[in-house]
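Asker: quick one: sequence and predicted model below, then my questions.
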Amino acid sequence: MLSGAGARRKIAHFWGRTIRFARDRRGVAAIEFAFLAPVLLGMYFVTMEISQAIETNKKVSRVASMVADLVTQRNSIAPAEIQAIMNIGSSTLQPYNRSVPKITVAELKIGALTAQQVTNGDKPPVTVVWSRKLDANGFGAGVGDGVAVGTNAALPGSLRIPNTSDAYLIRVQTELSYRPMITWAASGKEAAGLSAAFDSIAMSETYYLKARMSQRVDCPAC
């Protein structure tokens, strides 16, 4: 058994070591970093992903305007030429390559109205003359709205101007299911990360432009 003096020395030694341990600050930085590192890394990846998504969304809009500009510079165009233009538009999205964009080009006919109909303020009918698309399934016939050629097509009211003669517009629609990098997995592998919560972000743009060289852009083989 320890004497009273020995016990007091043991207790004093124990408390002395405890106080020195509590005052030791040599490991504080490492502990703080262990707590802050996940937060800082999360903020970095979120900031990086947001900036990439904004830039990709800008490119989706740029693709629509660029394709419309190239198509409307022609008097007549062939399906192969439309495909080449849409391929150029698709490559504009690089280096983003985690999903394939869908690009649809269509010529819309704004029907003529009689003078009386124009006076009455009637809205002219809008129909699809021809349409081609490029998407993950390849190049083929089709329209962006899913309606058949010759049927009514949607058009903003500001562009649906009554006129006594037919008018034509080229409509380009671009769609992209943006897949964030943090949810993307290489082909053939299971998706990981936050894919269950953030699978994809839908991006789209619709652009209308009149023909530059003539009243319309003819596509006999479309």
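Answerer: Here it is on my side, so go on. In this text, all values refer to a predicted model and were calculated from it rather than measured experimentally.
Asker: can you find the helix or strand in the protein with the smallest mean pLDDT?
Answerer: strand 138-141 (a mean of 57; mean pLDDT, DSSP states H and E).
Asker: tell me where the chain has strands.
Answerer: Secondary structure of the chain, counting by DSSP state E: strands at 102-110, 126-135, 138-141, 167-178, 201-209.
Asker: now the last one: buried residues?
Answerer: Meaning strand 201-209. Within strand 201-209, the residues that count as buried by 16 or more other Cβ atoms under 10 Å are M203, S204, E205, T206, Y207, L209. The C-beta positions use only the backbone N, C-alpha and C, and glycine is treated the same way.
Asker: list the buried ones in stretch 70-90?
Answerer: Those would be L70, V71, T72, R74, I77, P79, I82, Q83, I85, M86, G89, S90, for stretch 70-90 by 16+ other Cβ under 10 Å.
Asker: so the fourth one sits right up against V217, yeah?
Answerer: The reference is to R74. Yes. Between R74 and V217 there is a contact under Cβ atoms under 8 Å: 5.5 Å.
Asker: what's the closest non-adjacent residue to D218?
Answerer: S76 (4.5 Å; Cβ to Cβ, 6 or more residues apart in numbering).
Asker: right, and that neighbour touches R216 too?
Answerer: No. Between S76 and R216 there is no contact under Cβ under 8 Å: 9.4 Å.
Asker: tell me which of the buried residues of stretch 70-90 is nearest to V46?
Answerer: S90 (27.7 Å; Cβ to Cβ).
Asker: which residues in the chain form helices?
Answerer: Secondary structure of the chain by DSSP state H: the helices cover 4-23, 28-71, 79-91, 115-120.
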